[in-house]
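Visitor: Everything below, folded, please.
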Amino acid sequence: MQKATDATQTAALMRGTGVAAREASHVLALASREAKDKALMAAAEAIRRETPAILAANAKDVEAAKAAGRIASYIDRLVLNETRVAAIAQGLEEVAALADPVGTVLADWMRPNGLNIQRVRVPIGVIGIIYESRPNVTADAGALSLKSGNAAILRGGSDSHHSSLAIHASLVEGLRAAGLPATAIQYVETTDRDAVGHMLAGLDGAIDVIVPRGGKGLVQRVQDEARVPVFAHLEGICHTYVDAAADLDMAQSIVVNAKMRRTGVCGATECLLVDRSAPATYLPTLVAALLDAGAEVRGDAAAQAADARVKAATANDYGHEFLDAIIAVKAVDGVGEAIAHIARYGSQHTDAIITADEAVAQRFLSEVDSAIVLWNASTQFADGGEFGFGAEIGIATGKLHARGPVGVEQLTSFKYVVRGNGQTRPV
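Guide: Residues are numbered from 1 along each chain as shown. Down below sits the predicted model:
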């Protein structure tokens with residue numbers, strides 16, 4: 001009986017959340033840039049002021065995650081410190097500084113009959129964001145939704161529950177300071193997993209799009225069960241290909257950064273491909289640099305021959321998202337085989353080439369069908385902040401509407417505004 005009661009309470013909570021979000025979305029769609037930016041700046045100020053409380057809440061989450069045996073990369077995504085909290089506040093200010101996308105005229109033309117037609121950017125409406133262990137997503141998702149004129153319903157994971165609640169309180173404070181509805185950014189406080197199911201069903205039409213951010217299990221569930229559009233990527237199986245014409249010092253620096261800067265992010269390189277025709281020093285140097293940086297290297301025969309510390313790769317190591325200090329390495333016969341390998345094992349997320357040969361680079365950039373392709377740069381730049389978006393809700397690997405970092409522009413749609421002076425359509 002208790003379970004039935006809890007389910008009823010969760011259903012009622014989520015219905016109310018959806019209704020409030022839809023009502024708030026009407027207000028936000030017409031809100032001025034000044035009001036939205038004031039809310040973001042006030043929220044940033046509140047986060048700085050409440051840093052001790054946010055860190056105390058985060059300590060509870062981290063302690064519980066460690067007790068539950070979470071792996072180190074998971075803990076890294078969860079943990080906050082003064083530097084990371086300061087970065088969250090700065091991120092809100094950076095979003096405030098962005099141009100307001102709402103009302104932007106994307107195209108403007110005149111028809112022979114005198115009709116003036118404009119394509120104008122408008123908010124999507126209500127964005128549902130479901131995420132796991134990253135408490136900073138609470139701020140990023142709330143800020144980007146607000147700036148783009150959308151209401152947001154946030155559902156963080158139970159592992160980051162206390163941290164997310166503390167950050168959300170600052171966002172609400174910012175909304176109130178700007179005279180905007182406190183329900184413009186709602187956080188689903190229940191940890192009942194049924195809440196996610198209600199969001200995936202769309203909350204009786206209240207939610208316009210779902211953005212999942214988390215591990216493969218979460219994203220797969222969202223893609224399988226959602227009854228509303230989804231902006232998502234299932235996995236970040238990112239590759240870095242080192243061509244024979246690469247500068248070795250540059251390649252070594254990029255490869256180590258791409259794998260080891262933060263191993264638990266979706267833009268971390270999971271597979272290194274090296275041109276078999278590259279000078280003999282290339283593969284040993286790159287493999288040794290990774291090993292010396294603390295990575296476990298799993299490679300093919302060529303990689304094993306390059307360094308005795310390399311473990312034999314299995315078939316499952318290629319096309320695997322490690323999210324850890326582990327990397328698969330393979331020698332390939334030039335850019336053509338590298339492109340074919342990425343097409344077979346990649347996830348259309350982020351892939352990079354390192355070469356001084358512009359023609360080879362252009363072929364890679366043209367033929368690799370990923371949301372982000374890079375030339376002579378680390379895959380860890382797969383981040384909305386690094387793209388100048390201020391922040392991101394996630395990386396979308398689909399091909400409709402949003403692809404790559406999902407920022408304020410990707411959280412808008414458009415409508416056609418047609419102005420006439422009495423035109424009627426002939427029979």
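Visitor: When you work out contacts or count neighbours from here on, use the C-alpha atoms and nothing else.
Guide: Noted.
Visitor: residue ranges of the strands in the stretch 51-200 of the chain, please?
Guide: Taking DSSP state E, counting those that start in this stretch, the strands of the stretch 51-200 of the chain run over residues 105-110, 116-123, 126-131, 151-155, 185-187.
Visitor: now the angle between strand 116-123 and the first one, please.
Guide: Orientation check (axes from the mean of the first three to the mean of the last three CA atoms, to 10 degrees): strand 105-110 against strand 116-123 gives 170 degrees.
Visitor: Point out where the chain drops to low pLDDT.
Guide: 1-5 (pLDDT under 70).
Visitor: Domains in it, by residue range?
Guide: 2-231+406-418, 238-381 (automatic domain parsing).
Visitor: want to throw the ones you listed into TSV with distance to residue 395 and mean neighbour count?
Guide: As requested, the domains of the chain are exported to TSV (distance: least, CA to CA, whole Å; neighbours: other CA atoms under 10 Å):
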stretch	distance to residue 395	mean neighbour count
domain 2-231+406-418	6	20
domain 238-381	8	21
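Visitor: mind checking which of those domains is nearest residue 393?
Guide: domain 2-231+406-418 (5.2 Å; CA to CA).
Visitor: for the closest one, the distance to its chain's centre please.
Guide: Using CA atoms, centre = their mean, to the nearest Å, we find the averaged C-alpha position of domain 2-231+406-418 to lie 12 Å away from the chain's own average C-alpha position.
Visitor: Kindly report the same for stretch 240-247.
Guide: Between the mean C-alpha position of stretch 240-247 and that of its chain there is a distance of 28 Å (CA atoms, centre = their mean).
Visitor: what's next to that stretch, contact-wise?
Guide: For stretch 240-247, the external contacting residues (CA atoms under 8 Å, 6 or more residues apart in numbering) are 251, 255, 269, 271-279, 334-335, 338, 351-357, 379.
Visitor: then that stretch to PDB, C-alphas only?
Guide: Output for stretch 240-247, consisting of C-alpha atoms alone and laid out as PDB, is shown next (Å, rounded to 0.1, in the frame of the first residue of the first chain):
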ATOM      1  CA  THR A 240      42.900  10.700 -32.200                       C
ATOM      2  CA  TYR A 241      44.700   9.700 -35.400                       C
ATOM      3  CA  VAL A 242      48.400  10.600 -35.700                       C
ATOM      4  CA  ASP A 243      49.400  10.800 -39.400                       C
ATOM      5  CA  ALA A 244      52.900  10.100 -40.800                       C
ATOM      6  CA  ALA A 245      53.200  13.900 -41.500                       C
ATOM      7  CA  ALA A 246      52.500  14.900 -37.900                       C
ATOM      8  CA  ASP A 247      54.900  16.800 -35.800                       C
END
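Visitor: re earlier: save the domains of the chain as TSV, and put in distance to residue 392 too.
Guide: Shown next, in TSV, are these (distance: least, CA to CA, whole Å):
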stretch	distance to residue 392
domain 2-231+406-418	5
domain 238-381	12
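Visitor: re the thing from before, TSV for the strands of the stretch 51-200 of the chain, including distance to residue 76?
Guide: Conversion of the strands of the stretch 51-200 of the chain to TSV gives the following (distance: least, CA to CA, whole Å):
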stretch	distance to residue 76
strand 105-110	40
strand 116-123	33
strand 126-131	15
strand 151-155	20
strand 185-187	23
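Visitor: quick one: which of those is nearest residue 319?
Guide: Ranking the strands of the stretch 51-200 of the chain by proximity to residue 319 (CA to CA) places strand 126-131 first, at 23.3 Å.
Visitor: Does anything pack onto the closest one? Which helices or strands?
Guide: Using 3 or more CA pairs under 8 Å, 6 or more residues apart in numbering; DSSP states H and E as the contact test, the elements touching strand 126-131 are helix 2-29, helix 136-147, strand 151-155, strand 209-213.
Visitor: and if we set it to 10 Å?
Guide: The helices and strands touching strand 126-131, judged by 3 or more CA pairs under 10 Å, 6 or more residues apart in numbering; DSSP states H and E, are helix 2-29, helix 136-147, strand 151-155, strand 185-187, helix 194-200, strand 209-213, helix 216-225.
Visitor: Quick check: residue 297 is in a strand.
Guide: Yes - under DSSP: H, G, I helix; E, B strand; the rest coil, residue 297 falls within a strand.
Visitor: Residue 304 is in contact with that one, correct?
Guide: Yes - counting by CA atoms under 10 Å, a contact exists between residue 297 and residue 304, whose distance comes to 9.1 Å.
Visitor: what sits in contact with each of those two?
Guide: Here residue 297 and residue 304 share the contacting residues 287, 310, 311, 312, 313, 329, scored by CA atoms under 10 Å, 6 or more residues apart in numbering.
Visitor: and those as a markdown table, adding secondary structure and distance to residue 373?
Guide: What follows is the shared contacts of residue 297 and residue 304, written out as a markdown table (DSSP: H, G, I helix; E, B strand; the rest coil; distance: CA to CA, whole Å):
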| residue | secondary structure | distance to residue 373 |
| --- | --- | --- |
| 287 | helix | 23 |
| 310 | coil | 28 |
| 311 | strand | 29 |
| 312 | strand | 28 |
| 313 | coil | 25 |
| 329 | strand | 19 |
